[in-house]
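Student: Structure of the sequence below:
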Amino acid sequence: MNNKDLKFNSKTIHGGQQPDAAYGAVMPPIYQTSTYAQSTPGAHKGFEYSRSANPTRTALENSLASIENGAYGLAFASGLSAIDAIIKLLEPGDEVISTNDLYGGSYRLFLKVYEKLGISFHFIGMQSVDTIAEKITDKTKLIWVETPTNPMMNIIDIKSIADLAKEKGLLLAVDNTFATPYLQRPLDLGADIVMHSATKYLGGHSDVVVGALVVKDKELAEKLYFIQNASGAVCGPMDSFLTLRGIKTLHVRMQRHCENGKAIAEYLRKHPKIEKVCWPGFEDHPNYAIAKAQMDDFGGMISFIPKGGSFEDAVKIVENLRVFTLAESLGGVESLAGHPASMTHASIPKEEREKSGVVDSLIRLSVGIEAIEDLIADLEQAIG
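Tutor: This next block holds a predicted model:
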């Protein structure tokens, strides 16, 4: 059977993969080498130098393309270096429309690095496509989407924005880190580029830092491959191996993340000391119908605000957690809690954070795959 014909759960294990040509190794070996022997100048076996290509990284890139239903995968040293490669497609004077509720590192890269090089960024709410259409000018070249957004779990209609982008001749890039291709496949909905911080759910074990891009278009892929090689922000063979190993269990992990996430969201919503819970699986969540249409489930990411909460109240809760770990990042097998205002989104000015709902009392949870009884008991004792 062609790997392209496999169901998703099989693609995570077999997609884009073949036994190693040298000895038939089932798992791609870790080719811990910087260079490759040539029989005569320019004559080699497909690999010259590991910044340009490495067999272990190639195996990961093939897997990434398979699980996202793309044609070309690229692996980077981090999610931010993957985003950096996308922005390098642009030129001074170009404009980008981005969601206003996004990862703080993306915001920092856009404004602190690229704005001073002549690229303009407009941060807007994207719950309505009409809002995006109003911002498009003849200088607009890229629409940047996160859905679900980080950390407010807003849902953005990928297909409608993809239709708009194609009509206007714009690129659409979607950060699919929160959903993963287990739940959502933006390329199938019309996006041009899918980005992942593969550090998160794809790796899944909090032991690697890797970024990823997947595209369908050959010309776009060639431009990104050139940037990847020219800029050199590639992941090493060990990181590639660990991420590929993580992908092989993505489907079974995501099932439990979704089950536990639903239970935690419902528990928090009923808790008398919790004012607000942000989770796209609630039927009264704005754009719930879109989430249900473009996602296969609702994931394990949740944000909440304690009733009458303050910065001190939020800090007290996260400090009291015992099973949840207070830490940056998300998407690992272990449950993590974070305080966006002082951690993941601290690079965004307070007044800008609060416009999108990232108040000082907001707590973000990455619900892991532990026993749900232990996770609920931990929240119960921490909230008090």
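
Student: Of all the residues in the helix or strand where E373 lies, which ones are buried?
Tutor: Here E373, judged by DSSP states H and E, is contained in helix 372-383. Going by neighbour count (16 or more other C-beta atoms under 10 Å), the buried part of helix 372-383 is I372, L375, I376, D378, L379, A382, I383. For every residue, glycine as well, the C-beta is placed using N, CA and C.

Student: Can you verify L109 is assigned to a helix?
Tutor: Yes - looking at L109 with DSSP: H, G, I helix; E, B strand; the rest coil, it is inside a helix.

Student: sorry, back to before: against which helices or strands is the helix holding E373 packed?
Tutor: The contact analysis (3 or more C-beta pairs under 8 Å, 6 or more residues apart in numbering; DSSP states H and E) places helix 372-383 against helix 250-270, helix 311-320.

Student: Kindly recompute the last result at 10 Å.
Tutor: helix 250-270, strand 301-306, helix 311-320, strand 336-338, strand 363-366 (3 or more C-beta pairs under 10 Å, 6 or more residues apart in numbering; DSSP states H and E).

Student: Dump these into TSV; add mean pLDDT and mean neighbour count as well.
Tutor: Listed next are the helices and strands packed on helix 372-383 as TSV, based on pLDDT from 0 to 100; neighbours: other C-beta atoms under 10 Å:
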stretch	mean pLDDT	mean neighbour count
helix 250-270	98	19
strand 301-306	98	24
helix 311-320	95	17
strand 336-338	97	23
strand 363-366	98	27
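
Student: can I get these in a markdown table with distance to S63?
Tutor: Formatted as a markdown table, these follow (distance: least, C-beta to C-beta, whole Å):
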| stretch | distance to S63 |
| --- | --- |
| helix 250-270 | 10 |
| strand 301-306 | 23 |
| helix 311-320 | 35 |
| strand 336-338 | 25 |
| strand 363-366 | 23 |
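
Student: I'd like to know which of these is closest to I155.
Tutor: Each of these has some distance to I155 by C-beta to C-beta; the shortest is strand 301-306, at 12.1 Å.

Student: Just the CA coordinates for that closest one, please, in PDB.
Tutor: Extracted in PDB, the C-alpha atoms of strand 301-306 (Å, rounded to 0.1, in the frame of the first residue of the first chain):
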ATOM      1  CA  MET A 301      -5.200  23.100  26.000                       C
ATOM      2  CA  ILE A 302      -7.300  25.100  28.500                       C
ATOM      3  CA  SER A 303      -7.100  28.600  30.000                       C
ATOM      4  CA  PHE A 304      -9.100  29.800  33.000                       C
ATOM      5  CA  ILE A 305      -9.500  32.800  35.300                       C
ATOM      6  CA  PRO A 306     -10.200  32.500  39.000                       C
END
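
Student: So what are the sheet partners of that strand and their directions?
Tutor: Strand pairing for strand 301-306, using DSSP bridges, gives strand 274-278 (antiparallel), strand 363-366 (antiparallel).

Student: Among these, single out whichever gets nearest to T147.
Tutor: strand 274-278 (13.2 Å).

Student: residues of that closest one that come out buried?
Tutor: Neighbour count says strand 274-278 has I274, K276, V277, C278 buried, by 16+ other C-beta under 10 Å.

Student: ditto for stretch 217-228
Tutor: For stretch 217-228, the neighbour count (16+ other C-beta under 10 Å) marks D217, L220, A221, L224, Y225, I227, Q228 as buried.
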